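**Q** need coordinates for the following:
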Amino acid sequence: MDDVRVEIDRIDEVLVELVAERFTYVDRAWQLKNSPNEAVVPWRIQQVVDKVRAQAEQKGLPPELAESLWRQMIGWFIQYEEEQLEKAKDGK
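**A** From the prediction side, this is the model:
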């Protein structure tokens, strides 16, 4: 069991690094937008979810799990973008 936990911890570290890298691009994306209304792009959200579901299936991961994780992450990033865009609009 200890070996399994070590591997889970190793993978968690890599996942955090990857999400942090993704965040840097989200942080850049809001700067390229003009208003909080631009944070939600439904067709793009669906495109990302569809791609993640397909990748999950190819890897033997339940696509429902991947979709749930990505929708949660996307939701957080959208909220972050909206907040940053509001601050920029207000001159803060």
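**Q** after the longest helix along the chain comes which helix or strand?
**A** Assignment by DSSP state H gives helix 2-31 as the longest helix of the chain. Sequence order places helix 42-59 as the next helix or strand after helix 2-31, per DSSP states H and E.
**Q** contacting residues around that next one?
**A** Under the contact criterion CB atoms under 8 Å, 6 or more residues apart in numbering, helix 42-59 has outside partners 62-63, 65-67, 70-71, 74. For the C-beta atoms, the positions are set from N, CA and C on the backbone; glycine is no exception.
**Q** and the longest helix of the chain, what's buried?
**A** Neighbour-count burial for helix 2-31 flags 26, 30 (criterion: 16 or more other CB atoms under 10 Å).
**Q** other SSEs contacting it?
**A** Packing contacts for helix 2-31, counted by 3 or more CB pairs under 8 Å, 6 or more residues apart in numbering; DSSP states H and E, involve helix 63-89.
**Q** packing partners of the helix it packs on?
**A** So helix 63-89, by 3+ CB pairs under 8 Å, 6+ apart, packs with helix 2-31, helix 42-59.
**Q** let me have those helices in CSV, adding distance to residue 87 and mean pLDDT as columns.
**A** Output for these, formatted as CSV (distance: least, CB to CB, whole Å; pLDDT from 0 to 100):
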stretch, distance to residue 87, mean pLDDT
helix 2-31, 10, 97
helix 42-59, 22, 97
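**Q** which of those sits closest to residue 81?
**A** Evaluated with CB to CB, the helices and strands packed on helix 63-89 place helix 2-31 nearest to residue 81, the distance being 4.1 Å.
**Q** chain center to that closest one, what's the gap?
**A** 11 Å (CA atoms, centre = their mean, to the nearest Å).
**Q** if we can go back for a sec, between the helices and strands packed on helix 63-89, which one is closest to residue 79.
**A** Here helix 2-31 is closest among the helices and strands packed on helix 63-89 (CB to CB), at 10.8 Å.
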